[in-house]
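>>> what's the 3D shape of this:
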Amino acid sequence: MDPQQDDEYLRYAVTRVAPYRNVWRAMANEFDFIDPPKDWDHIFQMVNALDPYHHLRGIHKRYMLYDHAEPWVTHCVIQLQTGDGYAVALGARPKYNKPVIIDEYGYEGNNGARRGNPSAHREVLRYGDFAMAGAYRSHRETYVHPGDILWWAVGSTLVGESPARLAFLKKILSEAPYQNLEPNPSIIKGGVALAVKNEYCLLYFSAANLKYIAEVQIEGAGPFDLELIGPWLMKIYKVGLVKTGHHAFRPKCTSSLLWITRSSQSSSVTRSIDEILWHSQVEWESRLMHD
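Residues are numbered from 1 along each chain as shown. Model prediction:
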């Protein structure tokens, strides 16, 4: 269509669905593949001006990142199938000062393509990486059904092993003050951390971290409750009261989370993370180990 027809169609499309609450605006799917290119700044501005309810506005890319610093963009959308997802998401948050969504980071499935062949375990690991960078994630499947039908084409029921585990992690993060948690690399070595200073601390250890001694600095007036979370088995274990200060310990469990929150208990009996995990090791190591 020519630019005038584009504008007329866009005016219809925006106003047609504007009253619905469950709408967010994606200007394009892989906008950098569209030839000839559209005037994306104009399209964004027009959508912004036409929508009285100001739904979220983003744009999906393949290789070239749109300038998410523009005021008409509400959130950053990054397609990322390879590379260090944690580092990319972590860098995008302060750069754009907007919510970051990692889209198309792979699909649990078996369609043979690299992006459509990851295991459920890999999907959960990638989800954890992005979550700990303070980013949001999408999920899709590419299991091949009779007639060569893929879920991403027709929707319906998810059949993989990752959705239940992603829902478990979502519940954990939703019950935490996730919108207030900030990535805090300065307080941890051998893992990654989200924290609200002196109140909450969520530590994440992937399989690559298990060969190292982890270190973390817990700040604030204690004691703090320590919970061990196994995302794959979807288990939460309350393992003790931990003291403030510097802790050094070796994670024993792949893809594990340690959730540290200010305790309502007044007990003065606290231990280091290493002591707590050492005494709890026989109970939890065999149940949470998965790789």
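>>> Could you list the low-pLDDT ranges of the stretch 101-250 of the chain?
207-211 (pLDDT under 70).
>>> Do a quick rundown of the strands in it.
108-109, 136-137, 141-142, 144-145, 149-150, 182-183, 188-189, 192-196, 200-205, 214-218, 224-230, 235-242, 245-249 (DSSP state E, counting those that start in this stretch).
>>> Those: which one's closest to E70?
Shortest distance between E70 and those, using CB to CB, is found for strand 136-137: 19.7 Å. From N, CA and C alone the C-beta is placed, and that goes for glycine too.
>>> Strand partners (parallel or antiparallel) of that closest one?
Its sheet considered, strand 136-137 pairs with strand 100-103 (parallel) by DSSP bridges.
>>> so how far is the partner strand from its chain's centroid?
How far strand 100-103 lies from its chain's middle: 8 Å, per CA atoms, centre = their mean, to the nearest Å.
>>> how would you label N48: helix, strand or coil?
When classified by DSSP: H, G, I helix; E, B strand; the rest coil, N48 comes out as helix.
>>> ok now do it, which residues does it touch?
Neighbour list for N48: H54, R57, W72 [criterion: CB atoms under 8 Å, 6 or more residues apart in numbering].
>>> Weed out the non-buried ones from those residues.
Applying 16 or more other CB atoms under 10 Å to the contacts of N48, the neighbour count classes R57 as buried.
>>> What are the structural domain limits within the protein?
3-175, 182-288 (automatic domain parsing).
>>> so can I have CSV of the strands of the stretch 101-250 of the chain showing distance to S255 and mean neighbour count?
Conversion of those to CSV gives the following (distance: least, CB to CB, whole Å; neighbours: other CB atoms under 10 Å):
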stretch, distance to S255, mean neighbour count
strand 108-109, 15, 25
strand 136-137, 15, 20
strand 141-142, 20, 23
strand 144-145, 27, 14
strand 149-150, 27, 14
strand 182-183, 18, 14
strand 188-189, 16, 18
strand 192-196, 12, 21
strand 200-205, 7, 24
strand 214-218, 14, 19
strand 224-230, 8, 21
strand 235-242, 12, 17
strand 245-249, 17, 15
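>>> Any idea which of these gets closest to K95?
Among these, the nearest to K95 by CB to CB is strand 182-183 (13.2 Å).
>>> which residues touch G160?
E108, G109, A120, E123, E141, Y143.
>>> Tell me what the second one is bridged to.
Read that as G109. T142.
>>> residues in contact with it?
Neighbouring residues of G109 by CB under 8 Å, 6+ apart: G116, N117, P118, E141, T142, Y143, V144, L150, W151, G160.
>>> With the third one instead?
By CB under 8 Å, 6+ apart, the contact set of A120 is E108, G160, E161, S162, R165.
>>> Quick check: of those residues, which lies closest to I218?
Nearest to I218 among the contacts of A120: R165, at 27.4 Å, using CB to CB.
>>> how close does that closest one get to A248?
Distance of R165 to A248, given as CB to CB, to the nearest Å: 29 Å.
>>> Ok, G116 next?
G116 is 41 Å from A248, where distance means CB to CB.
>>> With distance to Y9 added, can I get the contacts of N48 in JSON lines?
Shown next, in JSON lines, are the contacts of N48 (distance: CB to CB, whole Å):
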{"residue": "H54", "distance to Y9": "21"}
{"residue": "R57", "distance to Y9": "17"}
{"residue": "W72", "distance to Y9": "19"}
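>>> And the contacts of N48, which is closest to Q81?
Lowest distance from Q81 to these (CB to CB) belongs to R57, with 23.8 Å.
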